[in-house]
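*Asks:* test case, fold it:
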Amino acid sequence: MVNWRDLGKRLPAKDKKFSHLLDVLKHDSGLAIAFSGGADSAFLLAAALIAGVKSILPVTIVSDFFTAGEKERVIRLGQYLGIAPILVPVNILDDARVTRNTDRRCYYCKLFLFSRVMEEAKKRGIRTLLHGINLDDLQEFRPGIDAARELGFKMPLVEAGFSKEKIRACSKILGLETWDLPAQSCLATRIPQGDIITKEKLLKVEQAENCLHELDFVQVRVRCHGDLARIEVGPDELRRFWEPDVRQEIVEAFKRAGFYSVCLDLEGYTPAASV
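*Replies:* I've put the predicted structure just below:
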């Protein structure tokens with residue numbers, strides 16, 4: 001098990017932001033963290049351990065928007081951090097406000113998921129609820145932040161002034177595998193706004209993206225337009241599609257996943273489309 005008191009000493013003693021974060025966290029005797037296994041929530045959980053919070057509850061909500069790979073990473077992180085996350089399976093597709101996929105989809109989704117985190121915390125008498133939003137996130141269109149705020153979730157990384165770049169730098173020092181994790185977003189973002197979200201579409205996307213990851217593409221999105229798959233990858237990865245063997249393997253894998261046509265977005269991955 002990681003000795004967090006010693007590991008915390010790896011960070012510069014005069015790092016004002018990290019010291020501020022520890023001060024924010026250590027005032028609570030117990031807290032629950034919405035733990036997705038992404039760079040932000042992993043760092044927040046590590047910081048809570050370093051701060052010496054007596055009772056920490058990492059809660060991971062496992063829905064159809066959460067991939068098998070993400071679940072595996074959550075478990076690995078729990079093993080590294082020495083604290084087992086609570087995995088809570090839910091059926092997000094039961095909520096028609098989410099599956100209708102309007103511009104408020106993210107709000108209703110977070111309301112649904114974070115309510116489950118709150119329930120798990122209440123069972124254990126924990127009142128302080130946290131999520132890993134950072135300063136950069138506040139500059140984007142993220143309706144889910146409103147839902148979290150309404151439910152009483154605090155944003156300690158914002159309070160302590162952490163940007164994504166700062167989180168990555170500290171995570172690297174702490175040995176977290178998420179320090180260079182590419183930008184993540186739930187599978188629902190692959191379905192164009194206004195198109196109904198179904199389990200079939202989500203499974204097609206997950207299978208198609210798994211193919212790209214297995215071929216060592218790093219920044220990946222597969223947008224589902226009915227039977228058409230539109231691939232987005234990092235601009236520096238576009239050239240790989242000119243390799244005949246790679247291209248053929250992708251086409252065959254996507255058709256096995258249920259897509260009839262496959263196209264490549266020459267603009268590459270665009271973060272704004274992931275919200």
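*Asks:* how are the helices of the chain distributed by residue range?
*Replies:* Counting by DSSP state H, the chain has these helices, from start to end: 4-8, 16-26, 39-51, 68-81, 96-99, 105-123, 144-150, 156-159, 164-173, 199-214, 244-257.
*Asks:* residue 267 is nearest to which of those?
*Replies:* Of all the helices of the chain, it is helix 199-214 that lies closest to residue 267, at 16.7 Å by CB to CB. Heads up, the C-betas are built off the backbone N, CA and C, glycines and all.
*Asks:* what helices or strands is that closest one leaning on?
*Replies:* helix 68-81, strand 220-225, strand 228-233, helix 244-257 (3 or more CB pairs under 8 Å, 6 or more residues apart in numbering; DSSP states H and E).
*Asks:* now the residue of the chain most remote from its centre: how far from residue 44?
*Replies:* Largest separation from the mean C-alpha position in the chain: residue 244, at 32.8 Å (CA atoms, centre = their mean). Using CB to CB, to the nearest Å, we find residue 244 at a distance of 44 Å from residue 44.
*Asks:* how about the helices and strands packed on helix 199-214 in JSON lines, adding mean pLDDT?
*Replies:* Output for these, formatted as JSON lines (pLDDT from 0 to 100):
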{"stretch": "helix 68-81", "mean pLDDT": "94"}
{"stretch": "strand 220-225", "mean pLDDT": "96"}
{"stretch": "strand 228-233", "mean pLDDT": "97"}
{"stretch": "helix 244-257", "mean pLDDT": "96"}
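*Asks:* take those and lay them out in JSON lines including distance to residue 95.
*Replies:* JSON lines is the format used below for those (distance: least, CB to CB, whole Å):
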{"stretch": "helix 68-81", "distance to residue 95": "20"}
{"stretch": "strand 220-225", "distance to residue 95": "20"}
{"stretch": "strand 228-233", "distance to residue 95": "26"}
{"stretch": "helix 244-257", "distance to residue 95": "25"}
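*Asks:* quick one: contacts for residue 39?
*Replies:* By CB atoms under 8 Å, 6 or more residues apart in numbering, the contact list for residue 39 reads 164, 167, 168, 171, 176, 178, 179, 181, 184.
*Asks:* pull the number of nearby residues for the first one.
*Replies:* This means residue 164. 15 (other CB atoms under 10 Å).
*Asks:* relative to residue 108, how far out is it?
*Replies:* From residue 164 to residue 108 the distance is 25 Å (CB to CB).
*Asks:* hmm, back to that, can you pick the most crowded of the contacts of residue 39?
*Replies:* Ranked by neighbours (other CB under 10 Å), the contacts of residue 39 are led by residue 167, which has 26 neighbours.
*Asks:* who are the contact partners of it?
*Replies:* Contacts of residue 167 by CB under 8 Å, 6+ apart are 39, 40, 43, 134, 157.
*Asks:* mind redoing it with 6 Å?
*Replies:* 39, 40, 43, 134 (CB atoms under 6 Å, 6 or more residues apart in numbering).
*Asks:* and residue 70, by the same measure?
*Replies:* Going by CB under 6 Å, 6+ apart, the list of residues near residue 70 reads residue 37.
*Asks:* hmm, 10 Å instead?
*Replies:* Neighbour list for residue 70: 36, 37, 38, 60, 62, 184, 186, 187, 206 [criterion: CB atoms under 10 Å, 6 or more residues apart in numbering].
*Asks:* in the residues you listed, which has the lowest confidence score?
*Replies:* Scanning these for pLDDT, the low point is residue 184. It has 84.
*Asks:* excluding chain neighbours, what is closest to that one?
*Replies:* residue 38 (5.0 Å; CB to CB, 6 or more residues apart in numbering).
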